[in-house]
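>>> I would like the atomic coordinates for the input below:
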Amino acid sequence: MAIWTQLGLQDASSPLMEELIYFHDYTLIILTLITILVFYGLASLLFSSNTNRFFLNGQALETVWTIIPAIILIFIALPSLQLLYLMDETNNPFLTIKAIGHQWYWSYEYADYNEIEFDSYMIPTPDLASGNPRLLEVDNRLTLPSQTPIRVLVSSADVLHSWTIPSLGIKIDAVPGRLNQVNFFISRCGLFYGQCSEICGANHSFMPIVLESINFSSFETWISNFLNE
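Down below sits the predicted model:
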């Protein structure tokens, strides 16, 4: 989970988010170099007493500043296309979850277990336990195993929502009457927080997402305990 003093992205908790952070940093370096070059050229023109006419009117310069941006765009496009492919890639999931957005809470169904389904509401501030984050903690967490291919089917019962967990690199719209899907792989155990990132009404900011990732043996125990309740 991000803290208020954080400047960068959240720590990656999935291979996809690791690639997204790498692409972000890679592109930021290119943009920084371009910015420095442009400001250097502007400063040279504004503050130099002897302006080189090459900067003002030169066919060679026009050729260079046409070709170089095209090459830069290619170097940005290639890794971005690879990322788009990875985000849409579908593997054989071990577990399928259905997440349904409501005004203003989430409900979850474990498709592989017919009897496991529950609603997930935000815990009001007066009822929070010590150490729980305000506006982010829920009464029923989505519990999933780490190191396991998982598929989430996302839909909505009323208006547009968006199921988003930044540390996993996941943001997928929940559209009424339509099923969208996202596949991911959680790299480590822990708590991962997210929120609906679609403006879905008056209480839009009060429908958080909490995903608890545990090891596989603990997940089997959790499933058994849930079914026996």
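
>>> hmm, residue 23 and residue 79 touching each other?
Yes: counting by Cβ atoms under 8 Å, residue 23 is a contact partner of residue 79 at 5.5 Å. Quick note: C-beta positions are derived from backbone N, CA and C, even for glycine.

>>> the bottom helix or strand of the protein by mean pLDDT?
helix 53-56 (a mean of 59; mean pLDDT, DSSP states H and E).

>>> any idea of the mean pLDDT in the next helix or strand after that one?
Remark: after helix 53-56, the chain's next helix or strand is helix 59-88, criterion DSSP states H and E. The average of the pLDDT scores along helix 59-88 is 86.

>>> again with stretch 140-158
93.

>>> quick one: buried residues of that stretch?
141-146, 148, 150-156 (16 or more other Cβ atoms under 10 Å).

>>> what's the answer for stretch 37-45, then?
Result for stretch 37-45 [16+ other Cβ under 10 Å]: no buried residues.

>>> cool, stretch 204-216 as well?
For stretch 204-216, by 16+ other Cβ under 10 Å, it's 204, 207-211, 213-214.

>>> also stretch 10-18?
Quick answer for stretch 10-18 (16+ other Cβ under 10 Å): 10, 12-14, 16-17.

>>> show me the domain layout of this structure.
15-88, 95-228 (automatic domain parsing).

>>> all the strands of this structure, in order from the start?
For the chain, the strands defined by DSSP state E occupy 95-102, 105-110, 117-120, 142-145, 149-156, 161-165, 170-174, 180-185, 190-195, 208-214.

>>> run through who's touching the fourth one.
The contact list for strand 142-145, computed with Cβ atoms under 8 Å, 6 or more residues apart in numbering, reads 94-95, 97, 99, 106, 108, 120, 150, 186, 209-216, 218-219, 222.
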